[in-house]
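In: build me a structure from this.
(chains A and B)
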Amino acid sequence: ETGVTQTPRHLVMGMTNKKSLKCEQHLGHNAMYWYKQSAKKPLELMFVYNFKEQTENNSVPSRFSPECPNSSHLFLHLHTLQPEDSALYLCASSQALAGSTFTDTQYFGPGTRLTVL
Amino acid sequence: AQKVTQAQTEISVVEKEDVTLDCVYETRDTTYYLFWYKQPPSGELVFLIRRNSFDEQNEISGRYSWNFQKSTSSFNFTITASQVVDSAVYFCALSEAGGGADGLTFGKGTHLIIQP
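Out: Numbering: from 1, shown residues only, chains lettered A, B, ... in the order given. You can find the predicted model right below:
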């Protein structure tokens, strides 16, 4: 595998289900991101992990729960979602410099198309 | 607050025509980065270019060229001799903290349709 991979590519779930989205980067990066892309809004940043520490949470509802067990893997745990959460969820990674807010270009995965019934 | 505006929602041209995608940005920082990404129907965002705020040189890469003008806060993207494979949604993005410690702020995207 190369680049940034995401699984599953498509997911349909009911509002009471619990599911997880997985992201893996094979680029040796140390910062990872979750973005949401819905039809009605531009790409929105959800979470940022820099050196495995969550540094950003853009007022995301608690029904979305991120997890970053190591610098290569990022999860987004989903529970009791709403139909308006249906969207394309994109993962990205970049190289962050220690002790700095600077990070290099973000590279994106193919996304998970989520449909909430 | 930072903001990126892509006023062109959709552009349709015939193959081999040149096309320019507009991007206007707002930021209070003197140090920032601008990006263009391409999103084909498959969904993946493909990185095209990154420019920092101190480098106003125009860049050319094959049929692609970018015009960065700080005076007008614009970072426009031109495709010369367009091809059907160029059909995609193109996003302009801005970061005020290097490449993205705070994430990227995206424009709404321009859907480019190249007709054969």
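In: A:W34 reaches A:S93, doesn't it?
Out: No: between A:W34 and A:S93 there is no contact under Cβ atoms under 8 Å: 10.9 Å. To be clear about C-beta, it is placed using only N, CA and C from the backbone, and glycine gets the same treatment.
In: give me the more crowded residue out of those two.
Out: A:S93 (29 against 26; other Cβ atoms under 10 Å in any protein chain shown).
In: that one against A:L27, yeah?
Out: Yes: between A:S93 and A:L27 there is a contact at 5.9 Å, judged by Cβ under 8 Å.
In: which residues are common contacts for these two?
Out: A:4, A:107 (Cβ atoms under 8 Å, 6 or more residues apart in numbering or on different chains).
In: hey, what's in contact with both of A:W34 and A:S93?
Out: A:C23.
In: separation between the residue nearest the centre of chain A and A:P8?
Out: For chain A, the residue nearest the mean C-alpha position is A:W34 (2.6 Å; Cα atoms, centre = their mean). Distance, A:W34 to A:P8, using Cβ to Cβ, to the nearest Å: 15 Å.
In: can you count the residues close to B:T72?
Out: 10.
In: then A:A39?
Out: Neighbour tally, A:A39, other Cβ under 10 Å: 7.
In: below-threshold pLDDT in chain A: ranges please.
Out: Applying pLDDT under 70 to chain A flags residues A:1, A:52, A:55-56, A:58, A:97-103.
In: also chain B?
Out: In chain B (pLDDT under 70), the answer is B:97-102.
In: next up, the contacts around the residue sitting furthest away from the middle of it.
Out: Farthest-out residue of chain B from its mean C-alpha position, per Cα atoms, centre = their mean: B:P116, at 23.1 Å. B:P116 makes contacts with B:14-15, B:84, as judged by Cβ under 8 Å, 6+ apart.
In: B:I114 and B:Y90 touch, don't they?
Out: No: contact between B:I114 and B:Y90 fails when scored by Cβ under 8 Å: they sit 11.8 Å apart.
In: picking up where we left off before, export the contacts of B:P116 to a markdown table and tack on secondary structure?
Out: Output for the contacts of B:P116, formatted as a markdown table (DSSP: H, G, I helix; E, B strand; the rest coil):
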| residue | secondary structure |
| --- | --- |
| B:V14 | strand |
| B:E15 | coil |
| B:V84 | helix |
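In: scan these and report the most crowded one.
Out: B:E15 (14 neighbours).
In: before we move on, back to that, for the residue nearest to the centre of chain A, what are its contacts?
Out: A:23, A:45-47, A:66, A:74, A:76, A:89-91.
In: dump those residues into CSV; add secondary structure as well.
Out: Formatted as CSV, the contacts of A:W34 follow (three-state DSSP):
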residue, secondary structure
A:C23, strand
A:L45, strand
A:M46, strand
A:F47, strand
A:P66, strand
A:L74, strand
A:L76, strand
A:Y89, strand
A:L90, strand
A:C91, strand
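In: helix or strand for the nearest residue to B:L112 once chain neighbours are set aside, which one?
Out: Closest residue to B:L112 apart from its sequence neighbours, by Cβ to Cβ, 6 or more residues apart in numbering or on different chains: B:I11 at 5.3 Å. Here B:I11, judged by DSSP states H and E, is contained in strand B:10-14.
In: need the residues that contact that strand.
Out: B:19, B:21, B:82, B:110-116.
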